[in-house]
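Q: Build me a structure from this.
(chains A and B)
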There are 2 protein chains.
Amino acid sequence: MKRVGAIVSYDGSNFYGYQGQPKVRTVQGVIENALEKIFKYRVYTHAAGRTDAGVHACGQLVVFDCPNPRMTNTDIKNALNANLPSDVYVKKIIDLPDKYNPRAQVKKRIYHYYILNTKNPDIFRRKHLWWFPYELNIEMMRKAAKYLEGEHDFSAFRKSDPSDKRNPVRTIYRIRIIKMRGNIILIRVEGKSFLRRMVRNIVGALVKVGTGDWSPEKVKEVLESRDRSKGAASAPPQGLYLYSVYI
Amino acid sequence: MKRVGAIVSYDGSNFYGYQGQPKVRTVQGVIENALEKIFKYRVYTHAAGRTDAGVHACGQLVVFDCPNPRMTNTDIKNALNANLPSDVYVKKIIDLPDKYNPRAQVKKRIYHYYILNTKNPDIFRRKHLWWFPYELNIEMMRKAAKYLEGEHDFSAFRKSDPSDKRNPVRTIYRIRIIKMRGNIILIRVEGKSFLRRMVRNIVGALVKVGTGDWSPEKVKEVLESRDRSKGAASAPPQGLYLYSVYI
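A: I've put the predicted structure just below:
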């Protein structure tokens, strides 16, 4: 059996997140159901990122072993797309080394967070970006973001969960904040791996700086406190996309 | 009581169309519910266009009498938006003459139909445009569209319904077909008023010409036949927007 990776887009609006769970609709669930329809038995998958409910992806990596050696990568792609619902789409199938484990081996993950910074909402995109109607000072946000780049203990930016004993030290390679057409602000965060809610908690803090509620230095203080209760509220899920993954 | 018009956007994806009906979610229903919350009794509305299920609007005109003379137009707008669900948004309130009747008195209606003409779908916009992956010859479509401009009996382009005895003669002022960024094709149809399904049936026919299945002249033949069964299938609702209305 050859190990392959599917590069997958999904609209997270109607999912209870990526990770499979009984009785609710998850991205992993619909992908494994599609694989079961194609191969007639359950094929298990491993993904690069476990996105939360309402969070989207343009470049999620979903890894599995293809049980049918006669299928080409294009055959697998077409068979999956024919069996997936309209809110999940396989863009490409790539070959991977045997035993490739995306959680541990992915070299880089890039998340995009989109803020619509206009006075009036865009109802057609209400589930695909965060509408934030107050003025944001991008320069101050960039200054604050600099404090988060590099290797840090991100306890103040993780989902508070006393049962989560994972190492809170993570490395952010880079945060870019880009003004786009139509008053959209893109916050692009690149890192090796992330803690739960980490990107949304970073965006929440940067927006506090953008409005002037916080100074850029306050973000440094919060980071150093390693205390989630000192942080800003999470930005909502609909602005966040798992944008791409480096194998 | 002063008569006002609300310029309304809505995402038609989760509505059974514009027109109020018992037991299902309609745009008119949610607007009248919002008015009832504000004014404490039922305020009836009249709209410029009765869009079908799944069809959107950026510039629907919804007319009603405001029972509270102390409210400014901005007050009415804010009160409505505070009481409307997230898929309906009032952009503006305008003053109208007493007894203004939008169905009869609107001078021009503009519909936009968006086709995403790319090999791969865009799952994030699957409910907001028609994904059509085959090549379209825009020049041929423009040629065909010319036959539809002007005053004609549009029986071959209306929803077949023997109980509908309305005059099938309508005037199309202009049809423009525009290539936009990102391989989006916009078909913009301007007219005084339209029959049911007329725009979607026109788009369905123009796409038949675009693929080469029909010659441009075939559209003229179909028009002259006044026979719906000679027409092409309707284009799907999700590409259609009631774009604006001239008072």
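
Q: all contacts plus neighbour counts: C-alpha atoms, from now on.
A: Will do.

Q: name the element the residue lying farthest from the centre of chain A belongs to?
A: Farthest-out residue of chain A from its mean C-alpha position, per CA atoms, centre = their mean: A:Arg70, at 33.1 Å. If you go by DSSP states H and E, A:Arg70 is not part of any helix or strand.

Q: Could you measure from it over to A:Arg42?
A: 18 Å (CA to CA, to the nearest Å).

Q: on that earlier part again, who are the neighbours in contact with the residue farthest from the centre of chain A?
A: Neighbour list for A:Arg70: empty [criterion: CA atoms under 8 Å, 6 or more residues apart in numbering or on different chains].

Q: Confirm A:Arg200 sits in a strand?
A: No: per DSSP: H, G, I helix; E, B strand; the rest coil, A:Arg200 lies outside any strand segment and is helix.

Q: What about it, how many residues nearby?
A: By other CA atoms under 10 Å in any protein chain shown, the residues close to A:Arg200 number 23.

Q: Assess the claim that it and A:Pro237 are in contact.
A: Yes: counting by CA atoms under 8 Å, A:Arg200 does reach A:Pro237; the two are 7.3 Å apart.

Q: So which elements touch the helix or strand of chain A with the lowest mean pLDDT?
A: Least confident helix or strand, chain A: helix A:102-105 with a mean of 94, by mean pLDDT, DSSP states H and E. Under the contact criterion of 3 or more CA pairs under 8 Å, 6 or more residues apart in numbering or on different chains; DSSP states H and E, helix A:102-105 touches strand A:46-47.

Q: Can you tell me the strand partners of whichever helix or strand comes after the strand it packs on and which way each runs?
A: Remark: after strand A:46-47, the chain's next helix or strand is strand A:56-66, criterion DSSP H and E. Here strand A:56-66 has these sheet partners by DSSP bridges: strand A:2-10 (antiparallel), strand A:46-47 (antiparallel), strand A:240-246 (parallel).

Q: Please state the offset of the longest one from the chain centre?
A: It stands for strand A:2-10. In this view, strand A:2-10 has its centroid 16 Å away from the chain centroid, taken as CA atoms, centre = their mean, to the nearest Å.

Q: Tell me which other helices or strands the helix or strand following that strand touches.
A: Per DSSP H and E, the first helix or strand lying C-terminal to strand A:2-10 is helix A:27-39. The helices and strands touching helix A:27-39, judged by 3+ CA pairs under 8 Å, 6+ apart, are helix A:73-83.

Q: do the helix it packs on and chain B meet at all?
A: No: Helix A:73-83 stays clear of chain B (CA under 8 Å from any CA of the partner chain), getting no nearer than 10.7 Å.

Q: For stretch A:202-213, output the C-alpha coordinates as PDB.
A: Extracted in PDB, the C-alpha atoms of stretch A:202-213 (Å, rounded to 0.1, in the frame of the first residue of the first chain):
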ATOM      1  CA  ILE A 202      -2.700  35.900  18.900                       C
ATOM      2  CA  VAL A 203      -5.200  37.600  16.500                       C
ATOM      3  CA  GLY A 204      -7.300  38.700  19.500                       C
ATOM      4  CA  ALA A 205      -4.300  40.300  21.100                       C
ATOM      5  CA  LEU A 206      -3.100  42.000  18.000                       C
ATOM      6  CA  VAL A 207      -6.600  43.500  17.400                       C
ATOM      7  CA  LYS A 208      -6.500  44.900  21.000                       C
ATOM      8  CA  VAL A 209      -3.300  46.600  20.000                       C
ATOM      9  CA  GLY A 210      -4.800  47.800  16.700                       C
ATOM     10  CA  THR A 211      -7.700  49.600  18.500                       C
ATOM     11  CA  GLY A 212      -5.300  51.200  20.900                       C
ATOM     12  CA  ASP A 213      -6.700  49.300  23.900                       C
END
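
Q: outside of it, which residues touch it?
A: In contact with stretch A:202-213 (CA under 8 Å, 6+ apart) are residues A:113, A:134-138, A:140-141, A:144-145, A:157, A:187, A:214-216, A:219, A:231-235.

Q: Let me know the distance separating the residue nearest to A:Ala34 when sequence neighbours are not counted from B:Gln238.
A: Among residues not flanking A:Ala34 along the chain, A:Asn83 sits closest, at 5.2 Å (CA to CA, 6 or more residues apart in numbering or on different chains). Look at A:Asn83 and B:Gln238: by CA to CA, they are 22 Å apart.

Q: Neighbour count: the two, which is higher?
A: Higher neighbour count among A:Asn83 and B:Gln238: B:Gln238, with 24 against 18, using other CA under 10 Å.

Q: any idea whether that one is helix, strand or coil?
A: helix.

Q: just to revisit the earlier point, now do the contacts for the residue nearest to A:Ala34.
A: So A:Asn83 contacts A:Ala34, A:Lys37, A:Ile38 (CA under 8 Å, 6+ apart).

Q: And the pLDDT at the last one?
A: Among the per-residue scores, A:Ile38 shows a pLDDT of 96.

Q: Would you mind confirming that it makes contact with A:Ala79?
A: Yes: between A:Ile38 and A:Ala79 there is a contact under CA under 8 Å: 6.9 Å.

Q: Please enumerate the shared neighbours of A:Arg200 and A:Pro237.
A: Joint contacts of A:Arg200 and A:Pro237 (CA under 8 Å, 6+ apart) do not exist.

Q: which parts of chain A sit against chain B?
A: A:Ser9, A:Tyr10, A:Asp11, A:Ser86, A:Asp87, A:Val88, A:Tyr89, A:Ile123, A:Phe124, A:Arg126, A:His128.

Q: Could you work out the most separated pair of those residues?
A: Greatest spatial distance in the residues of chain A next to chain B: A:Tyr89 and A:Ile123, 23.6 Å, computed using CA to CA.

Q: neighbour count winner among the two?
A: A:Tyr89 (26 against 18).

Q: rewinding a little: how much space is there between the residue farthest from the centre of chain A and A:Met1?
A: Taking CA to CA, one finds A:Arg70 at 10 Å from A:Met1.

Q: Same check on A:Arg42?
A: In this view, A:Arg42 and A:Met1 are 14 Å apart by CA to CA.

Q: cool, A:Ile7 as well?
A: On the measure of CA to CA, A:Ile7 and A:Met1 end up 19 Å apart.

Q: More neighbours: which of the two?
A: A side-by-side neighbour count of A:Ile7 and A:Met1, using other CA under 10 Å, places A:Ile7 first with 22 against 10.

Q: Good, we can wrap up now.
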